[in-house]
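Undergrad: Here is a sequence together with a model predicted from it:
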Amino acid sequence: MTAPGQMRTEYFPIPKIDENSALVRMAGSAICGTDKHMYSGQLNLGLPGAVVSFPVIPGHENLGIIEELGAKASEQMAAEGVPLQTGDRVVISADIVCGHCYYCRNIYGYPWCLNHRSYGDVITCKNPPHLFGGWAERMYILPGTFMFRVPEVLTDEEAVLTEQMAVAYGAFCRALQAPNMKEGYAPADSVVIQGAGPLGLCNAFLARMLGASKIIAIDKFEYRLKLARELCVDEIISLKDFQEPAQRMKRVVELTDDLGADLVVECTGAPNILSEGLDMLRLGGTYLIEGAFVEDAGTQVSVSRQIVAKNARIIGAAGMPFQAYSRVLKMMASFKDSIHFANAVTHRFGVDDAEQALQKSMAEDSMKVVITPKLGE
Ligand SMILES: [Zn+2]
Ligand SMILES: [Zn+2]
């Protein structure tokens with residue numbers, strides 16, 4: 001991607017690695033909401049120093065096979081403490097942290113590092129060794145990157161969801177709050193997912209695995225609601241049937257014992273949805289905001305009525321702690337017989353057709369779209 005809305009296929013030499021780096025042969029790279037926003041020119045990563053540096057090879061939800069691995073990288077890139085080997089099938093963390101800033105020393109996770117870098121958007125492909133994104137045949141793995149071995153039972157199409165599942169995992173961990181089980185998310189809670197796209201669906205998967213008693217998805221696209229219903233959610237609310245926010249709120253209240261939802265998760269990317277989400281919360285409920293990566297165009301909420309009087313807990317969640325990747329892989333491996341994660345991947349395109357793939361990912365009849373490395377077909 002050379003600029004918003006502009007893409008072309010380009011060839012780079014296969015890089016030489018050193019003892020601290022690695023080379024991965026790609027198996028798949030999923031299209032994320034941030035890729036869509038980057039393509040439309042609206043992406044606001046919001047983190048310190050995190051700006052898109054065109055040209056980039058997009059792709060940060062990456063899965064591949066380690067082809068070459070530096071002697072030191074084998075240990076340094078292994079987040080779980082077991083050294084990596086060539087031939088391992090791995091998920092590559094989207095982000096790299098510095099390890100020495102205030103946040104790395106105090107809250108060790110990707111979203112907080114002051115010197116954070118991420119593949120597929122922040123790291124340009126202008127400079128050698130160029131291959132810093134997953135929509136490619138190979139990816140160069142920089143020193144300091146963590147890679148996570150994929151359990152054998154997971155297929156590529158399950159494993160390629162890991163990054164997005166890790167976002168949901170990180171967010172849910174923030175929402176978990178004991179000792180009072182009615183403050184913050186607890187098993188048996190009701191969960192409303194605003195936006196049944198790929199991020200919404202991954203949050204629904206996570207809610208299901210964490211014991212939610214009722215999951216309600218809201219969207220304007222029938223295709224997505226139907227798939228979400230098949231795969232994991234209990235109730236759907238279509239904007240076609242419930243056109244006004246007040247009607248949707250009433251429906252949520254009806255479905256939650258006249259209380260409102262324990263947890264609402266925003267996955268729409270539209271900040272003007274916040275007021276509606278707050279209205280759907282029960283008193284003392286929790287609101288997780290994950291999708292709003294475009295600049296806010298004047299969101300209106302009633303601070304007194306919707307937040308203070310309600311004792312609402314509001315959590316903004318971007319990125320994830322790096323530990324989330326391996327945990328999500330374990331959870332998906334143990335739930336794979338009851339939740340058909342792979343069916344969330346509805347379309348696949350070769351790298352040459354990346355632009356077409358992006359357009360498909362923005363169409364209403366798609367869920368997760370994955371780019372595979374095959375060329376020239
Ligand atoms: Zn992503
Ligand atoms: Zn740092």
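TA: In hand now; what should we look at? Ligands and ions are numbered 1, 2, ... in the order given.
Undergrad: all helices for the stretch 51-200 of the chain, in order.
TA: With helices called from DSSP state H, counting those that start in this stretch, the stretch 51-200 of the chain shows them at 73-76, 102-106, 156-159, 162-175, 198-209.
Undergrad: close to ligand 1, is the last one?
TA: No - among the residues of helix 198-209, none lie within reach of ligand 1 under CB under 5 Å from the ion; the closest is 7.9 Å away. All C-beta spots, glycine's among them, are computed from the backbone N, C-alpha and C.
Undergrad: domain ranges for this structure?
TA: Here the domain parsing of the chain from automatic domain parsing is 22-149+340-372, 165-316.
Undergrad: Redo those domains as a markdown table? Include distance to ligand 2.
TA: Converted to a markdown table, the domains of the chain look like this (distance: least, CB to the ion, whole Å):
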| stretch | distance to ligand 2 |
| --- | --- |
| domain 22-149+340-372 | 3 |
| domain 165-316 | 17 |
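Undergrad: Residue 328: which of those domains is closest?
TA: domain 165-316 (4.3 Å; CB to CB).
Undergrad: Could you tell me how many residues sit around the residue in the stretch 201-350 of the chain that ligand 2 sits nearest to?
TA: Nearest to ligand 2 in the stretch 201-350 of the chain, going by CB to the ion, is residue 322, at a distance of 11.7 Å. The burial count assigned to residue 322 is 21, neighbours taken as other CB atoms under 10 Å.
Undergrad: go on, residue 238?
TA: Residue 238: 18 neighbours (other CB under 10 Å).
Undergrad: what's the distance between stretch 120-127 and the middle of its chain?
TA: On the basis of CA atoms, centre = their mean, to the nearest Å, stretch 120-127 sits 20 Å off its chain's mean C-alpha point.
Undergrad: Now it: average pLDDT?
TA: Across stretch 120-127, pLDDT averages out at 94.
Undergrad: ok, and what's touching it?
TA: 12, 34-35, 38, 43, 45, 49-60, 62, 94, 116-117, 131-135, 142 (CB atoms under 8 Å, 6 or more residues apart in numbering).
Undergrad: what do you get for stretch 69-79?
TA: By CB under 8 Å, 6+ apart, stretch 69-79 touches 17-23, 83-86, 93, 141, 143-148, 322-323, 325-326.
Undergrad: contacting residues for the spatially most central residue of the chain?
TA: For the chain, residue 164 is the residue whose C-alpha lies nearest the centre (CA atoms, centre = their mean; 2.7 Å). Applying CB under 8 Å, 6+ apart to residue 164 gives the contacts 30, 32, 61, 198-199, 202, 368.
Undergrad: switch to 6 Å and redo it
TA: residue 202 (CB atoms under 6 Å, 6 or more residues apart in numbering).
Undergrad: How about residue 263?
TA: 185, 189, 191, 286.
Undergrad: What score does the first one have for pLDDT?
TA: I take that to be residue 185. Residue 185 is given a pLDDT of 94.
Undergrad: Okay, the nearest residue to it once chain neighbours are set aside and ligand 1: tell me how far apart.
TA: Of all residues not flanking residue 185 in the chain, residue 175 sits nearest, at 4.2 Å (CB to CB, 6 or more residues apart in numbering). Look at residue 175 and ligand 1: by CB to the ion, to the nearest Å, they are 19 Å apart.
Undergrad: surely residue 175 meets residue 289?
TA: No - taking CB atoms under 6 Å as the definition, residue 175 is not a contact partner of residue 289, at 10.8 Å.
Undergrad: For the residue nearest to residue 185, give me its contacts.
TA: Counting by CB under 6 Å, 6+ apart, residue 175 makes contact with 184-185, 286, 288, 315.
Undergrad: quick one: contacts for the residue of the stretch 201-350 of the chain closest to ligand 2?
TA: 93, 110, 146.
Undergrad: In this protein, where is pLDDT below threshold?
TA: Along the chain, the model assigns pLDDT under 70 to residues 45-49, 108, 178, 293-297, 375-377.
Undergrad: Can you name the residue of it nearest ligand 1?
TA: residue 32 (3.0 Å).
Undergrad: Next one: that residue relative to residue 72, how far apart?
TA: Taking CB to CB, to the nearest Å as the measure, residue 32 and residue 72 are separated by 30 Å.
Undergrad: who's more crowded, those two?
TA: Neighbour tally, residue 32 and residue 72, criterion other CB under 10 Å: the higher count belongs to residue 32, 25 against 13.
Undergrad: how about the nearest residue to that one, chain neighbours excluded?
TA: Closest to residue 32 by CB to CB, 6+ apart is residue 61, at 5.6 Å.
Undergrad: I'd assumed residue 163 was in contact with the one you found.
TA: Yes - contact status for residue 61 versus residue 163: in contact at 3.9 Å, counting by CB under 6 Å.
Undergrad: Show me which of those two is the more surrounded one.
TA: More crowded of residue 61 and residue 163, by other CB under 10 Å: residue 61, with 29 against 26.
Undergrad: hey, what's that one bridged with?
TA: residue 30 (DSSP bridges).
Undergrad: how near is it to residue 230?
TA: For residue 61 relative to residue 230 (CB to CB), the value is 22 Å.
Undergrad: so of the contacts of residue 175, which ones are in strands?
TA: 286, 288, 315 (DSSP state E).
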